[in-house]
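Novice: I need the structure of the sequence given here:
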Amino acid sequence: MTRKLVMLLILGACALAPTVPFNAVAASEQDASLSGDDTVQERNRARWEQMSPEQREALRERWRRFQGMPPEERQELTERYRQFRALPPEDQARIERNFQTWRNLSPEQRQRIQQRLERIKRLPPEQRREVLERSPRFNQLPPAQQQRLLNRLNRAPKR
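Specialist: Got it, this is the predicted structure:
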């Protein structure tokens with residue numbers, strides 16, 4: 001039961017539910033609680049008890065979805081969470097803000113954005129780069145982040 005509780009907390013954090021803080025369980029705590037560290041298990045149990053019934057049910061639902069995923073997807077989700085937790089706090093905060101902004105968009109707005117991104121992904125690499133470089137937000141990023149984004153965009157599959 002404790003291991004399941006820990007995974008519920010982790011999944012809740014991964015899903016960035018608005019009612020459950022993303023950093024509810026640190027990656028190091030995840031490793032410790034899966035290995036049976038009683039102190040970490042007690043902290044996680046206390047977090048669970050502090051949640052409202054709605055938060056608990058949301059977490060249970062995410063756990064059911066997680067359990068229904070193929071093993072490769074579960075592993076990828078877990079790895080992405082570990083990568084997120086390894087980021088500097090300011091990067092984590094930026095990602096959380098961006099995710100909250102995304103959550104606040106209407107379904108129509110999200111769909112339009114996703115359609116635009118799909119069109120950009122289908123462009124040849126040089127055109128993708130040009131589109132990105134014309135973006136005012138891109139030009140505000142530090143050079144290292146610009147380069148990471150360009151590298152990631154260049155790896156996007158053509159469709």
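Novice: please enumerate the helices of the chain.
Specialist: If you assign secondary structure with DSSP state H, the helices in the chain sit at 2-15, 27-34, 38-50, 53-68, 71-86, 89-104, 107-122, 125-133, 136-140, 143-154.
Novice: out of these, which gets the lowest mean score?
Specialist: Ranked on mean pLDDT, the bottom entry among those is helix 27-34, at a mean of 43.
Novice: what about Arg60, how many neighbours?
Specialist: Counted with other C-beta atoms under 10 Å, residues neighbouring Arg60 total 14. In this view, the C-beta of every residue, glycine as well, is placed from N, C-alpha and C.
Novice: how much space is there between it and Tyr81?
Specialist: For Arg60, the distance to Tyr81 (C-beta to C-beta, to the nearest Å) stands at 18 Å.
Novice: then Trp102?
Specialist: Distance from Trp102 to Tyr81, counting by C-beta to C-beta: 18 Å.
Novice: buried deepest among the helices of the chain, which one?
Specialist: helix 2-15 (a mean of 20; mean count of other C-beta atoms under 10 Å).
Novice: how does this protein divide up, domain by domain?
Specialist: By the assignment in automatic domain parsing, the chain contains the domains 2-102, 109-154.
Novice: off-centre distance for the last one?
Specialist: Right, the one you point to is domain 109-154. Relative to the centre of its chain, domain 109-154 is centred 19 Å away, using C-alpha atoms, centre = their mean, to the nearest Å.
Novice: same deal with stretch 58-67?
Specialist: 15 Å.
Novice: as PDB, could you dump the C-alpha coordinates of it?
Specialist: Coordinates of each C-alpha in stretch 58-67 appear next as PDB, following Å, rounded to 0.1, in the frame of the first residue of the first chain:
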ATOM      1  CA  ALA A  58      -7.800  12.900  -8.700                       C
ATOM      2  CA  LEU A  59      -4.600  11.200  -7.700                       C
ATOM      3  CA  ARG A  60      -6.300   7.800  -7.600                       C
ATOM      4  CA  GLU A  61      -7.600   8.400 -11.100                       C
ATOM      5  CA  ARG A  62      -4.100   9.300 -12.400                       C
ATOM      6  CA  TRP A  63      -2.800   6.200 -10.800                       C
ATOM      7  CA  ARG A  64      -5.400   4.100 -12.600                       C
ATOM      8  CA  ARG A  65      -4.400   5.700 -15.900                       C
ATOM      9  CA  PHE A  66      -0.700   5.200 -15.100                       C
ATOM     10  CA  GLN A  67      -1.300   1.500 -14.400                       C
END
